[in-house]
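> Coordinates only, no sequence provided:
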């Protein structure tokens, strides 16, 4: 009699994946570059300190060997500084690697799509066939007519002896309509983003880099503009994200929204949206004469009303604003609630953990809901 085979779990000692010394250090290096806002010297100093504390390297491969490999592989290069002294700086290859790593960390469960477009629930003029057929309608292009199905209909409807092909016999293979989205991502760089012992700007940067890499690689037909706002607002290039720093600024939310809507007015896409990452209350507006009105004490009614007006203007332009509020203060959440009602947008009251996943899910949901 054969012995009965038992099913169960087999536990083994964990074996780390076989990663080269360079790759292991490079992952840490890119994290440090993000935290130091692109300061290579500071990042390498931190790496040496971590090596002393955790023995990241050994005699066969040292930090100096790692730096030499960074040079050989084109991740860093020698550069003459404005003061005439030489120094090392990161290259565009490193900037791209940082964005790719951010994408993997935040959206690692996603798979790439070859066409780079968003699927929607609407059928229409698109490049992905649904496998279903429908009658020909005025305006359908000729290349979308299914010749085989149309001839079969003509034979069934009109017979073979006196073959005729009429418009009623024509059949079109349906295809999936694919929408395009224009997005503006607003990042608060006011001083409060690094107050109270919590680094909030680094997660915001990583989310921005991941979203930028996602859109440029998976959805190349979409557009993404990134702007920062403090006392004023100004756009930044995707390549500048690793170097983004918080300044000694107040929070001019109005200026950020004005610039975001100006950027979106120039886009031809029907679907437009604004994502705003902030942790503080609006505390600054620029007046008509160019001076700044600032008030950091509580919620200033004059500044708040300006924000509500901007939210309403965006609503009239059919631009929803999704606010990711990295704060738990009840009175600030109440302000965001009223702001969201004025825009008919959405708000998420979140910590730093899970911020990227929330932004991606909202991005995908908006792509499906706002097709016109």
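Nice, thanks for sending it over. All figures in this text were calculated on a predicted structure; none of them were measured in a lab. Residues are numbered from 1 along each chain as shown.
> how about the strands in the stretch 51-200 of the chain?
Ranges of strands in the stretch 51-200 of the chain, per DSSP state E, counting those that start in this stretch, are 76-80, 86-90, 118-135, 171-179, 181-188.
> angle of the first one against strand 86-90?
In this case it means strand 76-80. Compare the direction of strand 76-80 with that of strand 86-90 by axes from the mean of the first three to the mean of the last three Cα atoms, to 10 degrees and you get 140 degrees.
> which residues of this protein score low on pLDDT?
For the chain, the stretches with pLDDT under 70 are 1-7, 14-16, 81, 107-132, 139, 174-179, 350-354, 367-372.
> mind checking how far residue 293 is from residue 339?
Distance of residue 293 to residue 339, given as Cβ to Cβ, to the nearest Å: 19 Å. Every C-beta, even on glycine, is put in place using the N, C-alpha and C of the backbone.
> which of those two has more neighbours?
Applying other Cβ atoms under 10 Å to residue 293 and residue 339 shows that residue 339 carries more neighbours, namely 24 against 15.
> all helices of the stretch 1-150 of the chain, in order?
Assignment of helices within the stretch 1-150 of the chain using DSSP state H, counting those that start in this stretch yields the ranges 21-35, 40-54, 63-72, 92-107, 147-158.
> How about residues contacting the fourth one?
This points to helix 92-107. Under the contact criterion Cβ atoms under 8 Å, 6 or more residues apart in numbering, helix 92-107 has outside partners 26-27, 30-31, 33-34, 73-76, 206-207, 209-210, 212-214, 217, 238-239, 241-242, 356-357, 360.
> before we move on, the earlier item: a markdown table for the helices of the stretch 1-150 of the chain, including mean neighbour count?
Formatted as a markdown table, the entries for the helices of the stretch 1-150 of the chain read as follows, by neighbours: other Cβ atoms under 10 Å:
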| stretch | mean neighbour count |
| --- | --- |
| helix 21-35 | 19 |
| helix 40-54 | 15 |
| helix 63-72 | 15 |
| helix 92-107 | 19 |
| helix 147-158 | 14 |
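> Any idea which of those gets closest to residue 230?
In this view, the helices of the stretch 1-150 of the chain are compared for proximity to residue 230 by Cβ to Cβ, and helix 21-35 is the closest at 19.9 Å.
> so how far is stretch 344-362 from its chain's centroid?
Averaged C-alpha coordinates place stretch 344-362 at 12 Å from its chain's average position (Cα atoms, centre = their mean, to the nearest Å).
> Next, the contact list for the spatially most central residue of the chain, please.
Most central in the chain under Cα atoms, centre = their mean is residue 211, positioned 1.8 Å from the mean C-alpha point. In this structure, residue 211 makes contact with 183, 185, 224, 356, 359-360, 363, judged by Cβ under 8 Å, 6+ apart.
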